[in-house]
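A.B. asks: coordinates only, no sequence provided:
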């Protein structure tokens, strides 16, 4: 199983160990003993970057391993890994914003069931709880703004492979994604629109 170092650290560079490298179509599939690269999943896109001089083009979860697809082969052994900092920062902010929207909806009796934290496509989907209150964009915007202004710190717990992430006093979510260290790093979040269809309420959002 590939150890996910980003569960407990925010490193963008690290010395890692290549276990295997195999040809895959016109790319090469690399498995590491541990990784700082986030694979696509949990509503978050994959990281890109470099393993030595090889460019990391995409990263996926395959069974127990995280597979890194690169543009040139690597030999087994030590390698210097570097995550694309700008891409990671954007995904981290989008994911963190999604947590806040989920928390805000839950406070009003709505249950988040799906999250999509992609640039230009940010969306959280809710279903009504038994005591759901009416939701509107202005209400959600006000609550999210208040939490960002409070600058809550990230709270992370990892136990027996299960990881939960929350901010300050807000309830944590089981989550394998990347998140800002404090909400003061998040920047402005804009609630774009709400739409309800077949019992599901979608909240679209973006970063300014």
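C.D. replies: In hand now; what should we look at? Here the structure is a predicted model, which is why all the values come from computation and not from measurement.

A.B. asks: from here on, contacts and neighbour counts on C-alpha atoms
C.D. replies: Will do.

A.B. asks: and this structure, what are its domains?
C.D. replies: Domain segmentation of the chain under automatic domain parsing yields 3-83, 87-207.

A.B. asks: now these in TSV, with mean neighbour count and mean pLDDT?
C.D. replies: Compiled in TSV, the domains of the chain are given as follows (neighbours: other C-alpha atoms under 10 Å; pLDDT from 0 to 100):
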stretch	mean neighbour count	mean pLDDT
domain 3-83	18	97
domain 87-207	18	95
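
A.B. asks: for the residue in the chain sticking out farthest from the centre, helix, strand, or coil?
C.D. replies: Using C-alpha atoms, centre = their mean, the residue of the chain lying farthest from its centre is residue 75. It sits 29.8 Å away. Per DSSP: H, G, I helix; E, B strand; the rest coil, the secondary structure class of residue 75 is coil.

A.B. asks: residue contacts, it?
C.D. replies: With contacts defined as C-alpha atoms under 8 Å, 6 or more residues apart in numbering, the neighbours of residue 75 are 18, 20-21.

A.B. asks: from residue 45, how far out is it?
C.D. replies: 27 Å (C-alpha to C-alpha, to the nearest Å).

A.B. asks: so which residues of this structure form helices?
C.D. replies: 85-107, 137-150 (DSSP state H).

A.B. asks: could I get those as JSON lines with distance to residue 131?
C.D. replies: Output for those, formatted as JSON lines (distance: least, C-alpha to C-alpha, whole Å):
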{"stretch": "helix 85-107", "distance to residue 131": "10"}
{"stretch": "helix 137-150", "distance to residue 131": "17"}
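
A.B. asks: and for stretch 82-93, what's in contact with it?
C.D. replies: Residues from elsewhere that reach stretch 82-93 (C-alpha under 8 Å, 6+ apart): 12-14, 36-37, 44-45, 47-51, 117-119, 177-180, 185-186, 207.

A.B. asks: hmm, try it at 6 Å
C.D. replies: 12-13, 48-50, 178-179, 186 (C-alpha atoms under 6 Å, 6 or more residues apart in numbering).

A.B. asks: so which of these are in strands?
C.D. replies: Among those, the members falling in strands (DSSP state E) are 13, 49-50.

A.B. asks: closest to residue 169 among the residues you listed?
C.D. replies: Among these, residue 13 lies closest to residue 169 (C-alpha to C-alpha), at 30.8 Å.

A.B. asks: distance of the closest one from residue 73?
C.D. replies: Applying C-alpha to C-alpha, the value for residue 13 to residue 73 is 20 Å.

A.B. asks: could you do residue 196 as well?
C.D. replies: 48 Å.

A.B. asks: ok, residue 188 next?
C.D. replies: Applying C-alpha to C-alpha to residue 188 and residue 73 gives a distance of 41 Å.

A.B. asks: same question, residue 47
C.D. replies: From residue 47 to residue 73 the distance is 19 Å (C-alpha to C-alpha).

A.B. asks: cool, residue 140 as well?
C.D. replies: Counting by C-alpha to C-alpha, the gap from residue 140 to residue 73 is 48 Å.

A.B. asks: repeat that for residue 81.
C.D. replies: Using C-alpha to C-alpha, one gets 14 Å for the distance from residue 81 to residue 73.

A.B. asks: how about residue 187?
C.D. replies: Residue 187 sits at a distance of 39 Å from residue 73 (criterion: C-alpha to C-alpha).
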